[in-house]
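# A predicted structure for the sequence below; I have some questions about it.
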Amino acid sequence: MKTLPTLIASLLLSLPAWAGEVAVAPGPGALQMAIAGATPGDVLTLEKGLYSGAITIDRPLSLIGVEGAEINGEGNGTTVTIAAPDVTLRGVSVTGSGLSSQDLDAGIKILKGADRARVEDNRVIGNLHGIDIHGGKDAQVTGNTIEGTRNPKMNDRGNGIYVWNSPGALVANNSVRWGRDGIFANASRDDIFRDNLFRDLRFAVHYMYTNDSEVTGNISIGNHLGFAIMFSNKIVVKDNLSLGDRSNGVMLNYANNADISGNLVRGGAQKCLFIYNAHKNLIYRNRFEGCGIGIHFTAGSERNVLTENSFIANREQVKYVGTKHVEWSFEGRGNYWSDHPAFDLNGDDIADGVFRPNDLMDHILWSQPAAALLTGAPAVQLVRWSQKNFPATLPGGVLDSFPLMSPLTIPVPPDVAAMEAEVAGRWAQGNHDDIDVENLGTH
């Protein structure tokens with residue numbers, strides 16, 4: 001067995017003695033030629049200028065661009081293909097990919113086997129897909145500015161960041177705008193999506209069959225849907241902001257064993273939180289504000305825990321489609337309801353009476369919308385009074401036995417609030433493109 005000094009010496013001797021830094025000037029085919037002549041471990045420094053033509057990085061090395069260095073694929077396939085492990089791409093503008101959805105043309109593509117790629121601080125502009133992590137393990141995609149195409153049909157655009165079967169991916173501190181989805185993760189696991197900004201997209205984050213992963217600290221502004229967690233297990237969705245999104249702030253569709261906490265949804269979404277056939281999720285300390293429906297809870301979703309959330313000024317606080325009685329409190333703490341006329345005589349911040357955010361009339365209004373014309377009628381008020389005083393007449397529904405007296409506050413930084421103000425009223429103008437986010441078969 002080798003001693004430690006001998007092992008270190010062997011490793012040092014195995015490294016190429018001639019690895020070094022190589023300056024690359026713009027010119028026809030210059031960059032691909034420099035890659036072909038590089039030794040593993042070399043650092044290729046790209047000088048300012050245009051590097052035309054798609055390239056493939058087929059050995060471990062670093063491509064570092066000075067300001068103004070641009071790689072342009074001239075509309076053919078993927079602009080930069082990373083096909084070797086331990087590659088770093090930093091500080092470069094990447095443009096001009098092809099537009100073939102079938103071929104998944106992208107600005108930057110990380111292939112299977114190209115493990116530990118680092119794609120940092122690049123400008124990835126006007127490509128079909130921005131960055132495609134396509135099988136490479138432990139990729140780090142950080143600090144990039146990604147702007148997609150603006151095809152009039154949103155579903156014909158590509159994703160800002162596409163993650164397919166790429167365990168261990170870290171996607172952090174990126175800004176993604178336009179295109180289709182900010183991050184689309186499919187058939188992956190153990191990924192972290194953190195502190196990204198998403199604007200003017202279909203979905204900010206779209207999860208399909210991606211397990212044991214994390215979506216934390218992200219900001220979604222003016223998108224059709226904020227955070228869609230679908231057919232995935234054991235996801236942490238924490239401390240995200242959904243501001244001015246159109247359809248749903250957070251969607252759980254066939255999502256189980258998730259931790260949903262510390263999120264703020266506000267700004268007029270049709271539904272702050274949509275739960276569809278999702279089970280055993282812990283949903284706590286979120287603030288759902290100013291939506292058409294605070295939470296739509298349907299399709300047999302069971303064994304979910306909802307506690308310490310704040311439901312504020314939603315037109316309907318809860319739409320519960322079911323006949324079972326469901327308790328929304330945990331260990332003596334429920335949720336805050338802005339429409340609950342509560343009293344707290346002992347000062348423990350828990351209301352003295354239980355709260356039912358939906359009743360028989362709500363069920364009638366959901367199934368027969370025209371009945372809304374009768375909302376103020378004496379007969380309707382009598383039905384609601386009867387149910388309040390004689391609970392046995394209720395057909396099932398949500399019960400909060402320990403409603404809270406004080407709402408949760410989740411601050412929004414001033415610069416983010418300014419971006420939120422820019423999209424206020426967007427959806428009232430009918431700018432809906434061509435999608436229906438709740439047509440689950442189209443995802």
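Noted; the coordinates are in hand.

# The spatially closest residue to Arg118 that is not a sequence neighbour: neighbour count?
Closest residue in space to Arg118, ignoring its immediate chain neighbours: Thr88 at 4.4 Å, by CB to CB, 6 or more residues apart in numbering. Where you see a C-beta, it was placed from the backbone N, CA and C, and this is true even at glycine. Neighbourhood size, Thr88 [other CB atoms under 10 Å]: 18.

# again, but for Ile108
Neighbours of Ile108 using other CB under 10 Å come to 29.

# looking at it, it is touching Ile133, isn't it?
No: look at Ile108 against Ile133 with CB atoms under 8 Å: they stay out of range, at 9.0 Å.

# ok, back up a step: measure the residue nearest to Arg118 to Pro411 for me?
36 Å (CB to CB, to the nearest Å).

# Ok, Ile235 next?
From Ile235 over to Pro411 (counting by CB to CB), the distance is 24 Å.

# And Ala278, by the same measure?
From Ala278 over to Pro411 (counting by CB to CB), the distance is 28 Å.

# cool, and Ile260?
Ile260 is 19 Å from Pro411, by CB to CB.

# Mind checking which of the two has more residues around it?
Counted by other CB under 10 Å, Ile260 and Pro411 do not tie: Ile260 has more neighbours, with 28 against 9.

# and the more buried one, what helix or strand is that in?
In the assignment (DSSP states H and E), Ile260 maps to strand 259-261.

# contacts for the helix or strand following that strand?
Next helix or strand after strand 259-261 toward the C-terminus (DSSP H and E): strand 264-266. Contact with strand 264-266 is made by 226, 240-243, 245, 249-250, 272-273, 286-291, 410, 412, as judged by CB atoms under 8 Å, 6 or more residues apart in numbering.

# Show me which of these are buried.
226, 240-243, 245, 249-250, 272-273, 286-291, 410 (16 or more other CB atoms under 10 Å).

# Can you tell me the closest non-neighbouring residue to Ile295?
Leu273 (4.5 Å).

# which ones are touching that neighbour?
248-252, 260, 265, 283, 286, 288, 294-296.

# which residues does the nearest residue to Ala23 once chain neighbours are set aside contact?
Nearest non-adjacent residue to Ala23, counting by CB to CB, 6+ apart: Thr45, 5.1 Å away. If you count contacts by CB under 8 Å, 6+ apart, Thr45 has them with 21-24, 64-66.

# any idea which of these is closest to Thr39?
Within those, proximity to Thr39 (CB to CB) peaks at Val22, which comes in at 9.2 Å.

# and that closest one, what element?
strand 21-24.

# Write down the beta-bridge partners of the residue nearest to Arg90 when sequence neighbours are not counted, one by one.
What sits nearest to Arg90 in space, not counting adjacent residues and going by CB to CB, 6+ apart, is Glu120, at 4.6 Å. Beta-bridge partners recorded for Glu120 (DSSP bridges): Arg90, Thr142.

# Check the gap between the spatially closest residue to Lys319 that is not a sequence neighbour and Gly267 for me.
Distances taken as CB to CB, 6+ apart put His296 closest to Lys319, at 4.5 Å, once the chain neighbours are dropped. Going from His296 to Gly267 by CB to CB gives 17 Å.

# for Asn159, same thing?
Asn159 is 24 Å from Gly267, by CB to CB.

# Same question for Asp415.
16 Å.

# higher neighbour count, those two?
The neighbour comparison of Asp415 against Gly267 (other CB under 10 Å) goes to Gly267, with 25 against 8.

# Check what pLDDT the more buried one gets.
pLDDT for Gly267: 92.

# Who are the contact partners of it?
242-245, 290, 420, 423-424.

# Contacts for the strand holding Ile260 next, please.
With CB under 8 Å, 6+ apart as the test, strand 259-261 has contacts from 235-239, 250, 252, 273, 281-286.

# Likewise for stretch 142-158?
Contacts for stretch 142-158 (CB under 8 Å, 6+ apart): 99, 101, 104-107, 118-131, 159-161, 170-180, 202, 224, 433-435, 442.

# Poorly predicted segments of the stretch 301-443 of the chain, please.
Scanning the stretch 301-443 of the chain for pLDDT under 70 picks out the ranges 359-396, 430-443.

# quick one, strands of it?
Using DSSP state E, counting those that start in this stretch, the strands of the stretch 301-443 of the chain run over 305-307, 310-312, 316-320, 325-327, 336-337, 397-399.

# any chance of those in TSV, plus mean neighbour count and distance to Met33?
Formatted as TSV, the strands of the stretch 301-443 of the chain follow (neighbours: other CB atoms under 10 Å; distance: least, CB to CB, whole Å):
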stretch	mean neighbour count	distance to Met33
strand 305-307	20	60
strand 310-312	23	60
strand 316-320	22	62
strand 325-327	15	66
strand 336-337	24	64
strand 397-399	21	67
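
# could those be laid out in TSV, adding distance to Asp190?
Shown next, in TSV, are these (distance: least, CB to CB, whole Å):
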stretch	distance to Asp190
strand 305-307	25
strand 310-312	32
strand 316-320	34
strand 325-327	33
strand 336-337	35
strand 397-399	35
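
# nearest to Asn218, of these?
strand 310-312 (20.1 Å).

# Tell me, how many residues neighbour Asn358?
22.

# With Gly262 instead?
18.

# where exactly do the helices run in the stretch 1-150 of the chain?
Remark: helices assigned in the stretch 1-150 of the chain by DSSP state H, counting those that start in this stretch are 4-14, 30-36.

# which of these has the lowest average pLDDT?
helix 4-14 (a mean of 50).

# Now do the contacts for Met419.
Counting by CB under 8 Å, 6+ apart, the residues that Met419 touches are 199, 221-222, 243.

# let's see it at 6 Å
Neighbouring residues of Met419 by CB atoms under 6 Å, 6 or more residues apart in numbering: Ile221.

# confidence score at the residue nearest to Lys319?
His296 is given a pLDDT of 94.

# Kindly provide the distance from it to Asp181.
Taking CB to CB, one finds His296 at 22 Å from Asp181.

# and Asp58, how many neighbours?
Around Asp58 there are 17 other residues, counting by other CB under 10 Å.

# Surely it and Ala84 touch.
Yes: assessed by CB atoms under 6 Å, Asp58 is found in contact with Ala84 at 5.3 Å.

# what's the overlap in contacts for those two?
Counting by CB under 6 Å, 6+ apart, nothing touches both Asp58 and Ala84.

# which residues does the nearest residue to Phe330 once chain neighbours are set aside bridge with?
Among residues not flanking Phe330 along the chain, Thr307 sits closest, at 3.9 Å (CB to CB, 6+ apart). Under DSSP bridges, the beta-bridge partners of Thr307 are Tyr284.
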